[in-house]
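Student: Just the structure for this:
(chains A and B)
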Number of protein chains: 2
Amino acid sequence: MQPKRLTILGVGLLGGSIGLALKASGSSCHVIGYGHRQSTIDTALKMGAIDEAVTSPEAAVKDSDWVILATPVGLFEKLLLQIAPALPVNAIVTDVGSTKRSIVRQAEITLPKTVHFIGSHPMAGSEKRGVEFAKSDLFTGARCILTPTSKSNPSALAAVEQFWQSLGSKTVQMSPEDHDRNICDISHLPHAIAAALVAMQSEESLPLAGQGFLDTTRVAGGDGGLWRDILIDNRDNVADSVKRFRAKLDALLNMLGSNHDAAQREALARWLDAAAERRKQLFAAKIKELHAE
Amino acid sequence: MQPKRLTILGVGLLGGSIGLALKASGSSCHVIGYGHRQSTIDTALKMGAIDEAVTSPEAAVKDSDWVILATPVGLFEKLLLQIAPALPVNAIVTDVGSTKRSIVRQAEITLPKTVHFIGSHPMAGSEKRGVEFAKSDLFTGARCILTPTSKSNPSALAAVEQFWQSLGSKTVQMSPEDHDRNICDISHLPHAIAAALVAMQSEESLPLAGQGFLDTTRVAGGDGGLWRDILIDNRDNVADSVKRFRAKLDALLNMLGSNHDAAQREALARWLDAAAERRKQLFAAKIKELHAE
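Tutor: Numbering: from 1, shown residues only, chains lettered A, B, ... in the order given. Coordinates of the predicted model:
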């Protein structure tokens, strides 16, 4: 069930990297690319990320056994409507979006019963954007979250899982709802916070920034349009994550605001140390994971 | 007016690096170290960060023309009281603390008129702690903020400025008040935010962390006791910075919460792009600064 003709809709950093990774994996799959900017398509062809460029989504998918949506998430709904009538029977459709509830719901409503949709979220990429940053090892060692539902076809799920593994990813499964809540905490909230942290700086404070500030705000360097789509699509979770984040910041402020006897000073240091320790364990786990490749 | 006998009170990452940087600069200054942990002192001697170890602050400063306070800021007040009676006439006293109003005020109250205090904040270091991470180039290219007041002796200020420059730093001057407000925005607030961001994660979200989350929270890996002292000492500014940060986060949430016509979607993307652009300019300025060395 691995792809023989695969269409990538949106040939940017992720879409282009899928093409390159697929070629690098030894697959003889024919890769068709669709993108709305000619310069992107030309670069993707030149890099060997795609074998063929097709100028409409419908034409791009009509003979493909696999289709991957790799545009910004804000364009998914329109794309699904465009490709739905053109998809061959038994085609496998997946995506690389950073939110999963909406695309899974839209796919179940829009696509014909004769095709199989499985949501994917490869946790790779960077604040860089564009096919020129695509690389064949982008997914190596990266987690890829699959979000099947009770309606998902088990063979299609197994095929999509195997596909991402063949590109070097480690797959995990969770519901679209769990995905959107957990990813909000660990990725969408940090983005919102980093952007707000940059926005609140004054012209006096900004020149004093050191490496710490640059690291803390790195994720805020991402494309505004892409992140707008993600944050709007997941806005109920963003609001909830902000609420829980604020509660922790309030707890910290309360500890700062009270009278400082030895026990209170000790409690504050412990709170900060607990955060440091938790991060240290996470970091150690990541290092271990990388070396287990 | 450069040091002939310099005492470093607290031989950790910063104190140890001062000793190593001074030696590397070709100075023949005799460096005396005081620290409360024998193992730290032994390491500092072995590394050549100090020439001599003295077991009390009073004895450590009594024959020195220069003294640098390099313990956590929470210990400064006690140290000043201890060394005040022992300091030689015309001694220059400075520090490396991350907050400046309290140490400057305490020094002006506590130290005799016969010695000269100038507050310093070398913006170097990392989330690592301990003399074993000290290095002779820690201050190379780093900013060092000096915080003179109307009471500061101009020759002492010039000497302290020259001292930090001889270790490779670029000095800037501002009032203790401006320092504490600006550094709060660019350093203390990011630390509080990073700690709260780690603290609010669930056991489900944490394993999904990628490089972005690790970067965003790197500063939260710092020592709890050190940061407790800094945040408590600067708590009025921390509260104010949190307030202004929240206003920005609220603005973002409001944009997410409203109905999404094309103009509103466009405004949100612009807001996020503005943060990305501001960070990009900052990053470019930092790179330029480094290459101008």
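
Student: Now do the closest residue to A:Ser187 other than its chain neighbours against A:Arg181, distance only.
Tutor: Excluding the flanking residues, the one nearest A:Ser187 by CB to CB, 6 or more residues apart in numbering or on different chains is B:Gly212, at 6.4 Å. Using the backbone N, CA and C atoms, a C-beta is placed for each residue, glycine as well. Going from B:Gly212 to A:Arg181 by CB to CB, to the nearest Å gives 18 Å.

Student: Could you do A:Lys46 as well?
Tutor: Using CB to CB, A:Lys46 is found at 41 Å from A:Arg181.

Student: Those two: which has the busier surroundings?
Tutor: Of the pair A:Lys46 and A:Arg181, A:Arg181 is the one with more neighbours under other CB atoms under 10 Å in any protein chain shown, namely 20 against 10.

Student: Please see if the host helix or strand of A:Arg278 touches chain B.
Tutor: In this assignment (DSSP states H and E), A:Arg278 forms part of helix A:262-291. Yes. Residues of helix A:262-291 are located near chain B by CB under 8 Å from any CB of the partner chain, namely A:265, A:268-276, A:278-280, A:282-283, A:285-286.

Student: Just the buried residues of stretch A:148-155, please?
Tutor: Under the neighbour-count criterion of 16 or more other CB atoms under 10 Å in any protein chain shown, stretch A:148-155 has A:148-149, A:152-153 buried.

Student: so how many other residues sit close to the residue in the stretch 101-250 of chain A that chain B sits nearest to?
Tutor: Per CB to the nearest CB, A:Gly224 is where the stretch 101-250 of chain A lies closest to chain B, at 3.2 Å. By the criterion of other CB under 10 Å, A:Gly224 has 20 neighbours.

Student: My understanding was that A:Gly125 contacts A:Leu14; is that so?
Tutor: Yes. Taking CB atoms under 8 Å as the definition, A:Gly125 is a contact partner of A:Leu14 at 5.9 Å.

Student: quick one: common contacting residues for the two?
Tutor: Shared contacts of A:Gly125 and A:Leu14 (CB atoms under 8 Å, 6 or more residues apart in numbering or on different chains): A:Leu138.

Student: picking that back up, quick one: which of the buried residues of stretch A:148-155 sit in strands?
Tutor: Here DSSP state E is the test, and the buried residues of stretch A:148-155 give no hits in strands at all.

Student: of the residues you listed, closest to A:Ala21?
Tutor: When those are ranked by distance to A:Ala21 (CB to CB), A:Pro148 comes first, at 22.3 Å.

Student: and that closest one, what does it touch?
Tutor: A:118-119, A:157, A:173.

Student: What parts of the stretch 51-200 of chain A come near chain B?
Tutor: Proximity of the stretch 51-200 of chain A to chain B, by CB under 8 Å from any CB, involves residues A:123, A:127, A:142-143, A:145, A:178, A:181-183, A:185-187, A:189-200.

Student: hmm, 6 Å instead?
Tutor: Selection of the stretch 51-200 of chain A residues close to chain B by CB under 6 Å from any CB of the partner chain yields A:123, A:182, A:185-186, A:190, A:192, A:195-196, A:198-200.

Student: As CSV, the residues you listed with neighbour count, pLDDT and secondary structure would be great.
Tutor: Output for these, formatted as CSV (neighbours: other CB atoms under 10 Å in any protein chain shown; pLDDT from 0 to 100; DSSP: H, G, I helix; E, B strand; the rest coil):
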residue, neighbour count, pLDDT, secondary structure
A:Met123, 22, 92, coil
A:Asn182, 22, 97, helix
A:Asp185, 25, 97, helix
A:Ile186, 23, 96, helix
A:Pro190, 28, 97, helix
A:Ala192, 25, 96, helix
A:Ala195, 29, 96, helix
A:Ala196, 25, 97, helix
A:Val198, 25, 96, helix
A:Ala199, 21, 95, helix
A:Met200, 21, 96, coil
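
Student: okay, which residue is most central for chain A?
Tutor: Geometric centre of chain A, nearest residue: A:Ser98, 3.7 Å, by CA atoms, centre = their mean.

Student: My guess is that residue contacts A:Ile230. True?
Tutor: Yes. Using CB atoms under 6 Å, A:Ser98 makes contact with A:Ile230 at a distance of 4.9 Å.

Student: So, low pLDDT: which residues of chain A?
Tutor: Along chain A, the model assigns pLDDT under 70 to residues A:126-127, A:258-259, A:290-293.

Student: re the thing from before, closest one of the residues of the stretch 51-200 of chain A next to chain B to B:Ser64?
Tutor: For these, the residue nearest B:Ser64 by CB to CB is A:Met200; the value is 42.4 Å.

Student: quick one, what contacts the closest one?
Tutor: Neighbouring residues of A:Met200 by CB atoms under 6 Å, 6 or more residues apart in numbering or on different chains: B:244-245, B:248.
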